[in-house]
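Asker: using only what follows, build the 3D model:
(one chain, ligands or ions: 1)
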Amino acid sequence: MLEAKGLMVFYENMLALNNVSIKCAENQIVGVFGANSAGKSTLMYTLSGIIEDIRKKEEMAGGERISVLGKIQYLGQDITDVKPSRRAKRGIVLCPERRRIFKECSVIENLRIGGYLASPSQANETLEYVFRVFPALEKLKKRVGGFLSGGEQQMLAIGRALMAQPKLLLLDEPLLGLSPLVQALLVRATREIRDEKGISIIVTEQYARPVLPIVDYAFILENGAAVLEGTHDELMNNPDVRSAYFGI
Ligand code: ATP
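Answerer: Below is the predicted model of the structure:
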């Protein structure tokens, strides 16, 4: 479904992604694990194309120079030069790190905004689906986003991304700062979304353990480079990998 080859991203002279190649097949959940500053968000910005917006903004403000190299294939087409808004229309939807919901808008408004690319009937259908996956959100429909708990805000961020009709959902550190109970709920919901909607998912996390059970394939990023990759079983059956990266 998506294959990125030789991605390099420089913030000025600082190499944030170093020749990273990753892939995600149809219907797969792919994990990308790495410590703070490993390059996870930069990778998500590059796959979604948002790095182009960041690059232009910096250029216009006379800020730092951002360079992006490499190739991205999606559904059989080269999308390296496709704008982020067009990538979203084609189904690559980013659910960014730290949720970034609209804090002054209500839950339902946040969701409706996410559905701006969808037809009215698609939007209504997806709204129903979001409330089925996250029943807590339906009860909070009228609540202002800023008054939700961290976990509820993350459900809303995922719900909003679903409203944009993704074929490939990019989840950037969805579990960050949440309790184990809420993490488990979100992990279950992530698998449900893949199973029920056939949406492929790339998920980044600092700690692999909570999401490991649901990933089909995973990459490990260190200092901007993909140092290891494998299927769920390959990684889990390697005792060195288990203790070094998964704390098991
Ligand atoms: P975190 O878990 O902290 O979000 P990450 O794995 O998502 O980390 P990135 O945010 O992609 O990592 O950052 C990779 C590297 O690039 C880091 O060293 C970071 O300081 C640097 N970096 C990220 N954004 C910028 C920027 N706009 N300008 C300069 N350096 C940046």
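
Asker: does the residue of the chain positioned farthest from its centre count as helix, strand or coil?
Answerer: Computed with CA atoms, centre = their mean, the maximum C-alpha offset from the centroid of the chain is found at residue 62, amounting to 29.0 Å. Here residue 62 is recorded as coil under DSSP: H, G, I helix; E, B strand; the rest coil.

Asker: from the ligand, how far off is it?
Answerer: Distance, residue 62 to the ligand, by CB to the nearest ligand atom, to the nearest Å: 14 Å. All C-beta atoms are positioned from the backbone trio N, CA, C, and that covers glycine.

Asker: excluding chain neighbours, give the residue nearest to residue 209 in space.
Answerer: Leaving aside its chain neighbours, residue 209 sits nearest to residue 246 (5.6 Å; criterion: CB to CB, 6 or more residues apart in numbering).

Asker: residue 31 belongs to a strand?
Answerer: Yes. Assessed with three-state DSSP, residue 31 lies in a strand.

Asker: is it in a bridge, and if so with what?
Answerer: residue 203, residue 218 (DSSP bridges).

Asker: which residues does it contact?
Answerer: Applying CB atoms under 8 Å, 6 or more residues apart in numbering, we find residue 31 in contact with 202-205, 208, 211-212, 215, 217-219.

Asker: just put these in CSV and tack on distance to the ligand and pLDDT.
Answerer: Converted to CSV, the contacts of residue 31 look like this (distance: CB to the nearest ligand atom, whole Å; pLDDT from 0 to 100):
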residue, distance to the ligand, pLDDT
202, 13, 98
203, 13, 98
204, 7, 97
205, 9, 96
208, 13, 90
211, 14, 94
212, 18, 91
215, 17, 96
217, 19, 96
218, 15, 96
219, 12, 96
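
Asker: thinking again about what came up before, confidence score at the residue farthest from the centre of the chain?
Answerer: If you check residue 62, the pLDDT there is 91.

Asker: swap in residue 242?
Answerer: On pLDDT, residue 242 comes in at 80.

Asker: that one should be in a helix, yeah?
Answerer: Yes. Per three-state DSSP, residue 242 lies within a helix segment.

Asker: these two touch, right, it and residue 236?
Answerer: Yes. The criterion here is CB atoms under 8 Å, and residue 242 meets it with residue 236 at 6.5 Å.

Asker: sec struct for the residue nearest to residue 184 when sequence neighbours are not counted, please.
Answerer: Spatial nearest neighbour of residue 184, excluding adjacent residues (CB to CB, 6+ apart): residue 210 at 7.2 Å. Three-state assignment for residue 210 (three-state DSSP): coil.

Asker: show me the contacts for residue 210.
Answerer: By CB under 8 Å, 6+ apart, residue 210 lies in contact with 175, 180, 183-184, 187.

Asker: quick one, what contacts the residue nearest to residue 209?
Answerer: Residues in contact with residue 246 (CB under 8 Å, 6+ apart) are 208-209, 212, 235-236.

Asker: again with residue 215
Answerer: Shown in contact with residue 215 (CB under 8 Å, 6+ apart): 29-31, 203, 232.

Asker: now render those residues as CSV, adding distance to residue 1.
Answerer: Putting the contacts of residue 215 into CSV (distance: CB to CB, whole Å) gives the following:
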residue, distance to residue 1
29, 12
30, 10
31, 16
203, 15
232, 18
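
Asker: and the two most separated of those?
Answerer: Greatest spatial distance among the contacts of residue 215 (CB to CB): 203 and 232, at 12.9 Å.

Asker: which bits of this structure sit near the ligand?
Answerer: Residues of the chain lying close to the ligand by CB under 6 Å from any ligand atom are 11, 14, 16, 34, 36-42, 64, 97, 206.

Asker: return the member of those residues nearest to residue 138.
Answerer: Checking the residues of the chain next to the ligand against residue 138 by CB to CB gives residue 97 as the nearest, at 25.5 Å.
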